[in-house]
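Participant: Quick one, structure for this:
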Amino acid sequence: MTDWTAEDMPRLDGKTVVVTGANSGLGFEGTREFAAKGATVVMACRSVERAEDAAAEIRADAGGAVDGDLDVRECDLASLGSVASFAEGLADDYEAVDVLCNNAGVMAIPRSETEDGFETQFGVNHLGHFALTGRLFPLLDAAEGVGGDARVVTQSSGAHEQGEMDFADLNWERSYGKWQAYGRSKLSNLLFAYELQRRLDDSEEVAGIRSVACHPGYADTNLQMRTAAESGNPLMKVGMKAANAVLGQDPDIGVEPMLYAAT
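Facilitator: Alright, predicted model coming up:
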């Protein structure tokens, strides 16, 4: 896909795409590109206010309106109740979901827990998306999809290579390393993507859903700056900013693997 760009995506008129974390970074860029191809993009975000601001920016950049539509909805992946409410609301208003982009995430933050008591990186990056995929499965199963398949696209990271599963301490209660926990959450994303596809391949009842994973490379987004802010170390903020400037690729390039996987 060396020469592949967002311009190579097919038209998505009549398609519904759900993007978590759509208000910033790769989620924002993906939302912009999907909508430019005519899709209805459901912006599933923790902050409705920030998502509305992001939607307004996308519309303004497109000259006042996008080819598709933008639908802002609250979905806090750190709350399984919020995930359930989001899915229920979507089922009330939509007949199908053609693409689900499990994109949102947190990276290398001090240990904390979700509303349901899970370590936050594992809870948000993996468990929240796991629950969301399960609750949206009927809508995915009802979709015509893109190229004949509805897509579940899971955003991972090269950090998965540093991840190790410890099923005796998934919640990091014995010890905690923020980068190790991030690596485990990204490894969990990949294991989920592969296992979901294996079960789809084995299923005699479900057809027309494809599970794929993607990796954006080092993209210059606010993910790194949030990591720095959460650390409380001003030197990390300087270091992350410098690394993004020297090593990071623009978000509109980093999002291409997700767009390719989705379409």
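Participant: does R50 count as helix, strand or coil?
Facilitator: Three-state call for R50 (DSSP: H, G, I helix; E, B strand; the rest coil): helix.
Participant: For it, which non-adjacent residue is spatially closest?
Facilitator: N23 (4.6 Å; Cβ to Cβ, 6 or more residues apart in numbering). Quick note: C-beta positions are derived from backbone N, CA and C, even for glycine.
Participant: which stretches of this protein form strands?
Facilitator: 16-20, 40-45, 69-74, 99-102, 150-155, 209-214 (DSSP state E).
Participant: so can I have JSON lines of these showing mean neighbour count and mean pLDDT?
Facilitator: JSON lines is the format used below for the strands of the chain (neighbours: other Cβ atoms under 10 Å; pLDDT from 0 to 100):
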{"stretch": "strand 16-20", "mean neighbour count": "28", "mean pLDDT": "98"}
{"stretch": "strand 40-45", "mean neighbour count": "28", "mean pLDDT": "98"}
{"stretch": "strand 69-74", "mean neighbour count": "18", "mean pLDDT": "98"}
{"stretch": "strand 99-102", "mean neighbour count": "29", "mean pLDDT": "98"}
{"stretch": "strand 150-155", "mean neighbour count": "26", "mean pLDDT": "97"}
{"stretch": "strand 209-214", "mean neighbour count": "21", "mean pLDDT": "97"}
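Participant: and those strands as JSON lines, adding distance to G134?
Facilitator: Shown next, in JSON lines, are the strands of the chain (distance: least, Cβ to Cβ, whole Å):
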{"stretch": "strand 16-20", "distance to G134": "13"}
{"stretch": "strand 40-45", "distance to G134": "15"}
{"stretch": "strand 69-74", "distance to G134": "18"}
{"stretch": "strand 99-102", "distance to G134": "11"}
{"stretch": "strand 150-155", "distance to G134": "10"}
{"stretch": "strand 209-214", "distance to G134": "12"}
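Participant: quick one, which of the ones you listed is nearest to E115?
Facilitator: Smallest distance to E115 across the strands of the chain (Cβ to Cβ): 13.6 Å, for strand 69-74.
Participant: Now do that closest one against strand 40-45, angle only.
Facilitator: Angle of strand 69-74 versus strand 40-45, following axes from the mean of the first three to the mean of the last three Cα atoms, to 10 degrees, is 20 degrees.
Participant: same for strand 69-74, what does it pack against?
Facilitator: helix 25-36, strand 40-45, helix 48-61, helix 80-93 (3 or more Cβ pairs under 8 Å, 6 or more residues apart in numbering; DSSP states H and E).
Participant: same thing but 7 Å
Facilitator: When contacts are defined as 3 or more Cβ pairs under 7 Å, 6 or more residues apart in numbering; DSSP states H and E, strand 69-74 sits against strand 40-45, helix 48-61, helix 80-93.
Participant: Okay, buried residues for the second one please.
Facilitator: Translated: helix 48-61. R50, A51, A54, A55, I58 (16 or more other Cβ atoms under 10 Å).
Participant: ok, so of the residues you listed, who is nearest D67?
Facilitator: Checking the buried residues of helix 48-61 one by one against D67 (Cβ to Cβ), the nearest turns out to be I58, at 11.2 Å.
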